[in-house]
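In: starting from these lines, generate the structure:
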Amino acid sequence: MDPHLLTTFVTVARHGSFSAAASELGYTQSAISQQIAALEADLGLPLLRRRPVEPTPAGQRLLEHAGPLLLRLRAARADVLRTAAGPRHRLRLAATPLALNPVLAARLARARAHQPRLEVRLRTCGREQVTAMVADGRADLGLADGVVAPSDPLRLPDAGPMTTIGVTEEELVVALPGDHPLAGRAALRLADLVDARWLQTPLCPLARLRDLVGEGFPVGMEYAGNDVHTVLNLVAAGHGLTLLPASAVPAEAPEPSRVRGRACGVPLASPRLVHRVELLHGALPAGAAAGLAEALSG
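Out: Below is the predicted model of the structure:
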């Protein structure tokens, strides 16, 4: 299949509109229609219904393959270009919202102190996007985080040849309101909290907890953002519990200060899990990017 036709198909399906796809890709609407017709003729199957514009069953299956295929093509191009690139001092770092913890922020500061000319542009996004940005060259380095058993690697999307290095592992805590009956415990078991209300957030997807413990974990509130301060405010107000790395939760308040309006963290005792951060990068020529990767690796 022609990757240009595949790109056009994915864009039309994403917008649900031939005209919107034409605007994004810089073609006329007629050219977009011709490209879709050519792809359908190549496969001998209709891929899009026209009114409304949506994938047919065959088109839906093609979409499942198209994303990884196009990413691998972009990754191959970026990998070849990286190997031929000279040293640069302006680097792009993509990170998931909880990845740049205090330890890694300090390592980044030391790297910049040793390389005064180094300029770093940091962008936060989801784990799949971090992986894709590193793979296709939109980011020089990536930091991704997740909840795993100690020393286990993260489950990252397959985006072609890429180096992944575990750089930090940190204790997890159950974030709950400061006046919660369990706030004074030395530690908590996840199995004892399956009936509590939880926040559904990208920072701690409940599907992951159900994979680890089983059914339960009813949703108290769904928050689609990734701002930790907002999550802690929701926890403090009683909208639900969540799991966070210990460094993301303020130290537990003294007994007289335990009032609603403040979140605290209680260490997770069981199951044995950690918050892991991994460094992602492709081929790195000698220079600033390789130096920063070494600094972040500790």
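
In: is it true that G142 touches A132?
Out: No - in this structure G142 lies outside contact range of A132 using C-beta atoms under 8 Å: 9.3 Å. In this view, the C-beta of every residue, glycine as well, is placed from N, C-alpha and C.

In: which element follows the longest strand along the chain toward the C-terminus?
Out: Longest strand in the chain, counting residues (DSSP state E): strand 163-177. Next helix or strand after strand 163-177 toward the C-terminus (DSSP states H and E): strand 188-189.

In: residues in contact with the nearest residue to N101 once chain neighbours are set aside?
Out: Using C-beta to C-beta, 6 or more residues apart in numbering and skipping residues adjacent in sequence, the residue nearest N101 is S247, 5.1 Å away. S247 makes contact with N101, P102, V103, E170 under the criterion C-beta atoms under 8 Å, 6 or more residues apart in numbering.

In: switch those over to a markdown table; also include pLDDT.
Out: Listed next are those as a markdown table, based on pLDDT from 0 to 100:
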| residue | pLDDT |
| --- | --- |
| N101 | 95 |
| P102 | 95 |
| V103 | 96 |
| E170 | 96 |
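
In: now, of those residues, which are buried?
Out: For the contacts of S247, a neighbour count by 16 or more other C-beta atoms under 10 Å gives the buried set as N101, E170.

In: of all the contacts of S247, which two lie farthest apart?
Out: Of all pairs drawn from the contacts of S247, the one with the longest distance (C-beta to C-beta) is P102 and E170, at 9.5 Å.

In: just to revisit the earlier point, what about the contacts of S247, which are in helices?
Out: Counting by DSSP state H, the contacts of S247 place P102, V103 in helices.

In: tell me which stretches of the stretch 51-200 of the chain form helices.
Out: 57-84, 102-114, 127-135 (DSSP state H, counting those that start in this stretch).

In: who are the packing partners of the last one?
Out: To tie it back to what came earlier, the one meant is helix 127-135. helix 57-84, strand 90-95, strand 141-148, strand 274-281 (3 or more C-beta pairs under 8 Å, 6 or more residues apart in numbering; DSSP states H and E).

In: ok, now the first one?
Out: Contact partners of helix 57-84 among helices and strands, from 3+ C-beta pairs under 8 Å, 6+ apart: helix 3-15, helix 127-135.

In: circling back to that earlier point, how about the helices and strands packed on helix 127-135, which one is nearest H15?
Out: Closest among these, once you apply C-beta to C-beta, is helix 57-84, at 13.0 Å.

In: for that closest one, which residues meet the burial criterion?
Out: Neighbour count says helix 57-84 has G59, L62, L63, A66, L70, L71, R72, R74, A75, A78, D79, R82 buried, by 16+ other C-beta under 10 Å.

In: with stretch 124-140 instead?
Out: Quick answer for stretch 124-140 (16+ other C-beta under 10 Å): 124-125, 127, 129-137, 139-140.

In: now, which of those sits nearest W198?
Out: R127 (19.9 Å).

In: now the worst-scoring helix or strand of the chain on mean pLDDT and helix 127-135, what's the angle there?
Out: In the chain, no helix or strand scores lower on mean pLDDT, DSSP states H and E than helix 57-84, which sits at a mean of 78. For helix 57-84 against helix 127-135, the angle by axes from the mean of the first three to the mean of the last three C-alpha atoms, to 10 degrees is 40 degrees.

In: count of residues packed around R90?
Out: Number of residues near R90 (other C-beta atoms under 10 Å) recorded here: 11.

In: for the nearest residue to it once chain neighbours are set aside, give me its contacts.
Out: Here the nearest residue to R90 in space, its sequence neighbours aside, is E119; by C-beta to C-beta, 6+ apart that works out to 4.6 Å. Listed by C-beta under 8 Å, 6+ apart, the contact set of E119 reads H89, R90, L91.

In: got it, and A37?
Out: Contacts of A37 (C-beta under 8 Å, 6+ apart): none.

In: confidence score at the residue minimising distance to the centre of the chain?
Out: Ranked by distance to the mean C-alpha position of the chain (C-alpha atoms, centre = their mean), the top residue is R127 at 1.8 Å. pLDDT recorded at R127 is 89.
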